[in-house]
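Q: Have a look; sequence and predicted model below, questions after that.
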Amino acid sequence: MDLFRRAARRVLNTVLDKTPHVPAGPPTQPRPAPPVAKNAPDLSNIECGAQELKERLDAGESVTVIDVREPQETDAGIIPGAVLIPLGQIETRWDEVKDADEAVVYCALGARSLKAASFLRSKGVFNATSMDGGIVAWTEIGGRTVSKDG
């Protein structure tokens, strides 16, 4: 056992002798956050869950719900009271919802609604959020849908 310890010590000393010593420097400062453009929308809390929206609507809160799916997609049903503005028309029709106390945008799965919510925030609708999971998540939690015609 003593022979093994001596051999291990020699190897360790050889490695340590050949390893350059780098003195510890002063602690590094964290990098500052990148500057935010003055007109950039605040994207914090840009998504909400379907369950959260359902609870808020069930509680009677004033929430403007915006469906950005295409007309053929909305034939299967929409969230009751939703404003239908397909994503391709959001740039020309956004002023229809500019005065909403709170706006929640949804689509099929959540990608298009995230774009729409970001766009609305860039236009000053700072309370716009995207429903994560879209209408699929809404129906999975038992959310009710109605015909878009009534």
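A: Arrived safely.
Q: Show me the residue at the heart of the protein, geometrically.
A: E47 (4.7 Å; C-alpha atoms, centre = their mean).
Q: give me every residue that touches that one.
A: By C-beta atoms under 8 Å, 6 or more residues apart in numbering, E47 lies in contact with G110, L114, A117, T129, S130, M131, D132. Placement of C-beta: from N, CA and C, glycine included.
Q: Now do the phi/psi pair for it.
A: Main-chain torsions, E47, degrees, to the nearest 10: phi -120, psi 150.
Q: Among the contacts of E47, find me the one that's closest to D101.
A: For the contacts of E47, the residue nearest D101 by C-beta to C-beta is T129; the value is 12.4 Å.
Q: was I right about that closest one contacting V104?
A: Yes. Using C-beta atoms under 8 Å, T129 is in contact with V104, at 5.3 Å.
Q: So E70 is in contact with Q89, correct?
A: No. Judged on C-beta under 8 Å, E70 makes no contact with Q89 at a distance of 10.0 Å.
Q: Looking at those two, which one has more neighbours?
A: Set E70 next to Q89 and count neighbours by other C-beta atoms under 10 Å: E70 wins out with 16 against 13.
Q: Apart from its chain neighbours, what residue comes closest to the more buried one?
A: P86 (5.3 Å; C-beta to C-beta, 6 or more residues apart in numbering).
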